[in-house]
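**Q** requesting a structural model of the entry that follows:
(2 chains)
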Protein chains: 2
Amino acid sequence: MLDSDTIDPEDEAFGITDRVIADVLAAVQAQDVDTLNAILEPIHPADIAHLIEQVDARDRRDFLTLWKGGIDGETLSELDENLREEVLESLAPEDLATVVRDLESDDVVDLVEYLDEDQQEQVLDALAAPDRVAVEQALSYPEESAGRHMQSELVRAPEHWSVGEAIDYMRSDVILPDQFYHIILVDPRLKAVGYVTLGRLLSSPRATRLRDIMEDSFRTFHVAQDVEEVAQAINHYHMITAPVVDDDDRIVGVITIDDAMAFLEEEAEEDLLRLAGVGEGSLSDGVRETTRQRFPWLAVNLVTAILASMVIGLFENTISELVALAVLMPIVASMGGNAGTQSLTVAVRAIATRDLTGANVWRVIRKEALVGLINGIVFAVVMGVIGAVWFGIPQLGYVVAAAMVVNLVIAGLAGTMIPVVLDKLKVDPALASGAFVTTVTDIVGFFAFLGLAAIYLL
Amino acid sequence: MLDSDTIDPEDEAFGITDRVIADVLAAVQAQDVDTLNAILEPIHPADIAHLIEQVDARDRRDFLTLWKGGIDGETLSELDENLREEVLESLAPEDLATVVRDLESDDVVDLVEYLDEDQQEQVLDALAAPDRVAVEQALSYPEESAGRHMQSELVRAPEHWSVGEAIDYMRSDVILPDQFYHIILVDPRLKAVGYVTLGRLLSSPRATRLRDIMEDSFRTFHVAQDVEEVAQAINHYHMITAPVVDDDDRIVGVITIDDAMAFLEEEAEEDLLRLAGVGEGSLSDGVRETTRQRFPWLAVNLVTAILASMVIGLFENTISELVALAVLMPIVASMGGNAGTQSLTVAVRAIATRDLTGANVWRVIRKEALVGLINGIVFAVVMGVIGAVWFGIPQLGYVVAAAMVVNLVIAGLAGTMIPVVLDKLKVDPALASGAFVTTVTDIVGFFAFLGLAAIYLL
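**A** Okay, here's the model as predicted:
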């Protein structure tokens, strides 16, 4: 039987090795353009972009200076957003023109949307007139819309054409997109009515009408639709391209599955980082940028931690009579925080994937509370025994056990309800839920434990 | 300007509304098959699967009983794994045969791999002989390998063929896959040598040799390669299909971008859930299953919380002399825990996306420590002032400030180094880092704060 050990560890599925990076840096240091070109020639633009991201700021500058002519459009559009400006600045204006003319309209939009006006103008000037119109049109749509992210390059044909007519059209000297997998059929008013896959087209006789080999299901998306929803729909329905239409149902562009895939990967990453209280961070950000990104969440956490401490402060007298309470109280809070984080992560993800809806929200909340209750009872027993034995005070065991059950039930409830409510209020639950939920579990944990202790122990 | 408010909120990009679910349940309750069929007829299999996941267990049973003939192969393969067994059992054997014959080999594999032997045998028996061979072949590869997840349906052609020969071949009565976007070129020994996109094929004259319109870059993947790496490569290089080859470089299957996309979405979800200490959970799991999934992480957390409490226990005398310490200590630990979680989430994600490598690991560690130092100093000043003013003890301010700086630097270091080391040891960093990092920050936080207090305050 095969297993991963039988594969040479260096035989990676993709990417470049640390060895290649070292060779590139050596060539850069030796100012040896020929060696550099020889190393980079067979390397895919996505990997060159990766290399530029991996090296440090000084090496990157030296590399870009030496390898001026090498950057192409694809490398540029694969590059981390915060490095693009630097790379663009290293290009001579005439190189910039060649670079951007290669790109599809959505890649140009992606490239220019965050550039300052001067640089943006420079890129737009480098485009052919119709491409420039397409890019400016896309830039007029809202940031996260389908219209902003679609490519205008697509192949459409009248629905009354035959297979032969479509093939002859494509064999004529019409300019076709680099990659396309469908022909979109339009009626005389250019309204999109369906699509034919190229596979179906190729396997059908020349006389067949295109409308007779249309696929069954056809969906279009409006230019103003949220692009994340379009990407999710592409994934959900296994579409290869999603047609984008204007107010009159006329086809104006497509969003392709590879872009949707990259987009969903980014969104998943953002959700993950937001849940952890890290903003839009990237590994190639500098110390200053990273410090600034991390700061707000830590500041929020300081406020919530102080709130929790004020609850402890209410019980200073209780604690001074029985210091064991100070030893055990973080355990109750920590278990609640963890249980709450479990529930909230499941809820945030389920909201993002549309698995948590009006149809099942109450069932899920009830379930989470019940799970909290059961795990709460189990850990209450364990922790009750430990607490009683550790300090030799049986009542301390009862108190810690009771507080544990209360806090884990609240954790399940808060962990589910807070993200649901935030989502209803149109606040991103990934961004804000964590702080709310741990504040709740800290406060409830300390209050239940110390409060019960004040009543029953002293 | 357009914005999301101009779109009708009910005009979702995809999916079914709560309204449709309610209508379906009403029809089920009324035992009204005709209405049920009328509602479900236009609905995409992916949405029907979603509906089955959304309703509760009893409604699901009633629905499946009433709608027996309606489940098709696509619905089944879109369904959550833990519901498939239930749905399969509801099918009559003759329906099962029709259902699975529709599917591509990778979907059949996906369907049967976790079934018990009886059910697996039943499904395999329903397949045509060559399909059965393909499925059994795939099942012989390791679980997470490319061979296990590839589909055997593909189109290949000898590289010496002309465009015309290829088109005539596809127009003959050969059986083509439902969806295909490339033709893979093979040499006389069936070794894969390149591919031609259908777009290129269609736009080229009939006399052109296929080998002359091959795409520049061509990558193959070995059957034993990790399928997640293949999916990442598909995303990284914007491939539409990834050819899978055996030990002799013969093409045996392909992995398509839509499957890779679904796979990466699942992986991102798993990483997110693992980081939060939730196992392989799904929203449709019951209370018992969910309680069991949440338990191990809470148990680990209990142990680490007790360890941290033991550190507090060392300073019982110190606390009993100055209860203010018990009030402030959770703040230091909590800030460290949050800063550590920020660093570790960035590190875990960067390891998964291969952005954190040997080439930059030390630079990243240095950066994280520095970020911890800077934010540590800022929050030390804030918290030092608060601590001193709250309790009227200036020295308490110094101590809490010093402990804050120490803990945030350690948080940055531990948050980065722990996932890196776990990854080197082949332990999934998403699964294990959280517990280690918060243990470190709790222990360091309590120890630094209470230790400094014992030395300088009493």
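**Q** anything in stretch A:74-94 near chain B?
**A** No: legend: contact between stretch A:74-94 and chain B by Cβ under 8 Å from any Cβ of the partner chain is lacking; minimum distance shown is 8.6 Å. The C-beta positions use only the backbone N, C-alpha and C, and glycine is treated the same way.
**Q** so who does A:Asp95 touch?
**A** By Cβ atoms under 8 Å, 6 or more residues apart in numbering or on different chains, the contact set of A:Asp95 is A:68-69, A:71.
**Q** span of stretch A:353-371 from start to end?
**A** 22 Å (Cα to Cα, to the nearest Å).
**Q** so which bits of it are buried?
**A** Using 16 or more other Cβ atoms under 10 Å in any protein chain shown as the test for burial, stretch A:353-371 gives A:354-357, A:359-361, A:364-365, A:367-371.
**Q** do that stretch and chain B meet?
**A** Yes: using Cβ under 8 Å from any Cβ, stretch A:353-371 reaches chain B at A:353-360, A:363-364, A:367-368, A:370-371.
**Q** just the residues you listed: which are in strands?
**A** Nothing among the residues of stretch A:353-371 next to chain B maps onto strands, per DSSP state E.
**Q** so of those residues, which ones are in helices?
**A** Judged by DSSP state H, helices contain the following of the residues of stretch A:353-371 next to chain B: A:363-364, A:367-368, A:370-371.
**Q** so A:Ile386 sits right up against B:Val303, yeah?
**A** No: counting by Cβ atoms under 8 Å, A:Ile386 does not reach B:Val303; the two are 10.7 Å apart.
**Q** ok, and what's touching stretch A:194-210?
**A** A:157-164, A:166-167, A:180-185, A:211, A:213-215, A:218, A:240, A:243, B:155, B:167, B:170-171, B:176-177, B:179-181, B:198-199, B:201-202.
**Q** most widely separated two among the residues of stretch A:353-371 next to chain B?
**A** For the residues of stretch A:353-371 next to chain B, the farthest-apart pair by Cβ to Cβ is A:Arg354 and A:Leu370; their separation is 23.7 Å.
**Q** re the thing from before, for A:Ile386 and B:Val303, indicate the residue with more neighbours.
**A** Of the pair A:Ile386 and B:Val303, A:Ile386 is the one with more neighbours under other Cβ atoms under 10 Å in any protein chain shown, namely 18 against 11.
**Q** OK, contacts around the more buried one?
**A** A:397, B:306.
**Q** in which helix or strand does it reside?
**A** Using DSSP states H and E, A:Ile386 maps to helix A:361-391.
**Q** so how far is that helix off the chain centroid?
**A** Relative to the centre of its chain, helix A:361-391 is centred 34 Å away, using Cα atoms, centre = their mean, to the nearest Å.
**Q** could you do stretch A:101-114 as well?
**A** Taking Cα atoms, centre = their mean, one finds the center of stretch A:101-114 at 20 Å from the center of the full chain.
**Q** using CSV, write out every CA atom in that stretch.
**A** Backbone C-alpha positions of stretch A:101-114 (Å, rounded to 0.1, in the frame of the first residue of the first chain) are rendered in CSV as follows:
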residue,chain,number,x,y,z
ARG,A,101,-2.2,44.7,-21.6
ASP,A,102,-1.8,41.0,-20.9
LEU,A,103,-4.4,41.0,-18.1
GLU,A,104,-8.1,40.3,-18.1
SER,A,105,-10.3,43.2,-17.1
ASP,A,106,-11.0,41.8,-13.6
ASP,A,107,-7.3,41.5,-12.9
VAL,A,108,-6.6,45.0,-14.0
VAL,A,109,-9.4,46.2,-11.7
ASP,A,110,-8.0,44.2,-8.9
LEU,A,111,-4.6,45.8,-9.6
VAL,A,112,-5.6,49.4,-9.8
GLU,A,113,-8.5,49.7,-7.3
TYR,A,114,-6.2,50.5,-4.3
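**Q** the domain parsing of chain A - what is it?
**A** A:4-140, A:156-275, A:287-456 (automatic domain parsing).
**Q** need the winner for burial among these.
**A** domain A:287-456 (a mean of 22; mean count of other Cβ atoms under 10 Å in any protein chain shown).
**Q** tell me the SS of the residue of chain A positioned farthest from its centre?
**A** Here the centre of chain A is the reference, and by Cα atoms, centre = their mean the most remote residue is A:Leu458, at 52.1 Å. Secondary structure, DSSP: H, G, I helix; E, B strand; the rest coil: A:Leu458 is coil.
**Q** and it, what does it touch?
**A** By Cβ under 8 Å, 6+ apart, A:Leu458 lies in contact with A:318, A:321-322.
**Q** so for the residue nearest to A:Val227 when sequence neighbours are not counted, what's the pLDDT?
**A** Nearest residue to A:Val227, sequence neighbours excluded (Cβ to Cβ, 6 or more residues apart in numbering or on different chains): A:His149, at 4.6 Å. A:His149 is assigned a predicted lDDT (pLDDT) of 94.
**Q** what does A:Glu267 give?
**A** Note on A:Glu267: pLDDT of 87.
**Q** cool, and the one 4 residues further on?
**A** Residue-level confidence at A:Asp271 comes out at 86, pLDDT.
**Q** also the one 10 residues further on?
**A** Looking at A:Gly281, its pLDDT is 70.
**Q** for the nearest residue to A:Gln151 once chain neighbours are set aside, pull up the helix or strand it's in.
**A** Setting aside the residues directly before and after it, A:Gln151 is nearest to A:Asp106 in space (Cβ to Cβ, 6+ apart), at 4.0 Å. Here A:Asp106, judged by DSSP H and E, is contained in helix A:105-112.
**Q** cool, A:Gly253 as well?
**A** Short version, using DSSP H and E: A:Gly253 is in strand A:251-256.
**Q** please determine how far A:Ser45 is located from chain B.
**A** That one is not Ser; residue A:45 is Pro. As defined by Cβ to the nearest Cβ, to the nearest Å, A:Pro45 lies at a distance of 9 Å from chain B.
**Q** I'd assumed A:Glu74 was in contact with that residue.
**A** Yes: using Cβ under 8 Å, A:Pro45 is in contact with A:Glu74, at 3.8 Å.
**Q** can you pull up the most central residue in chain A?
**A** Among the residues of chain A, the one closest to the centroid is A:Glu267, at 1.6 Å (Cα atoms, centre = their mean).
**Q** and the gap between it and A:Asn37?
**A** Distance, A:Glu267 to A:Asn37, using Cβ to Cβ, to the nearest Å: 37 Å.
**Q** ok, A:Val133 next?
**A** Distance of A:Val133 to A:Asn37, given as Cβ to Cβ: 36 Å.
**Q** and for A:Ala166?
**A** Counting by Cβ to Cβ, the gap from A:Ala166 to A:Asn37 is 42 Å.
**Q** kindly report the same for A:Ile213.
**A** From A:Ile213 across to A:Asn37, the span is 47 Å (Cβ to Cβ).
**Q** for chain A, where's the lowest mean pLDDT among helices and strands?
**A** In chain A, the helix or strand scored least confidently by mean pLDDT, DSSP states H and E is helix A:93-101, which has a mean of 80.
**Q** could you figure out how far it is turned away from helix A:105-112?
**A** Going by axes from the mean of the first three to the mean of the last three Cα atoms, to 10 degrees, helix A:93-101 is angled at 140 degrees with respect to helix A:105-112.
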